[in-house]
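Undergrad: What would the 3D arrangement of this be:
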Amino acid sequence: MDISINTPALLFPAISLVMLAHTNRFLALSNRVRSLNEKYQSQEQKHIIHGQIRNLRYRLKLIKNMQAFGVLTFLLSIVCMYCIYIEAMGWAHAIFALSLISFVASLLLSLLEIQLSTKAIELELSDIEGLEDPSVFDYFKKKFDKD
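TA: As a prediction, the model looks like this:
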């Protein structure tokens, strides 16, 4: 299979959007860490807040790695384009494959971070009584039964 210089360039918009999403998640988490740190300094329930901060620290590491894989994808795509330009097609194919693998790694880490984020939110909501966790099917069944 031959690839043209446009093939790795097709990754640029997707990588940009994913990097923007990663950066937004990082900013939201860093704000949350700052507010929890203030609570930690002033409250008595330090053990609960300590656990939340530990979870956030792990999620921040995930986001750092997600961003690193995204940047690596960018760089590999640029090197691939250069290899195509100098007509080193063997190298271009290998480097393009590496850029795709790097992009997949970034997306998988993002999926893991989203799962952790959801669990953290569920823990926050667990203090409120009367909230149930219906399945998607139960949710739609309840919505349609009301009508």
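
Undergrad: pLDDT averaged over the longest helix belonging to the chain - what is it?
TA: Ranked by residue count and defined by DSSP state H, the top helix of the chain is helix 46-85. For helix 46-85, the mean per-residue pLDDT is 87.

Undergrad: Offset the numbering so it begins at 91, please.
TA: Yes, from this point I'll number from 91; that puts the last item at helix 136-175.

Undergrad: Show me where the protein dips below the pLDDT cut-off.
TA: Applying pLDDT under 70 to the chain flags residues 134-138, 213-227, 229, 233, 236-237.

Undergrad: middle-most residue in it, spatially?
TA: S200 (2.5 Å; Cα atoms, centre = their mean).

Undergrad: from memory that one sits against N114, does it?
TA: No - assessed by Cβ atoms under 8 Å, S200 is found out of contact with N114, at 11.6 Å. Quick note: C-beta positions are derived from backbone N, CA and C, even for glycine.

Undergrad: circling back: quick check: next helix or strand after the longest helix of the chain?
TA: Next helix or strand after helix 136-175 toward the C-terminus (DSSP states H and E): helix 179-215.

Undergrad: Give the buried residues for that following helix.
TA: 182-183, 185-186, 188-190, 192-193, 195-197, 199-200, 203, 207, 210 (16 or more other Cβ atoms under 10 Å).

Undergrad: contacts for stretch 139-150?
TA: 116, 119-120, 122-123, 126-127, 129-130, 133, 203, 206-207, 210 (Cβ atoms under 8 Å, 6 or more residues apart in numbering).

Undergrad: Tell me the buried residues within these.
TA: If we count by 16+ other Cβ under 10 Å, the contacts of stretch 139-150 have these buried: F116, L119, R122, V123, L126, Y130, E203, S207, A210.
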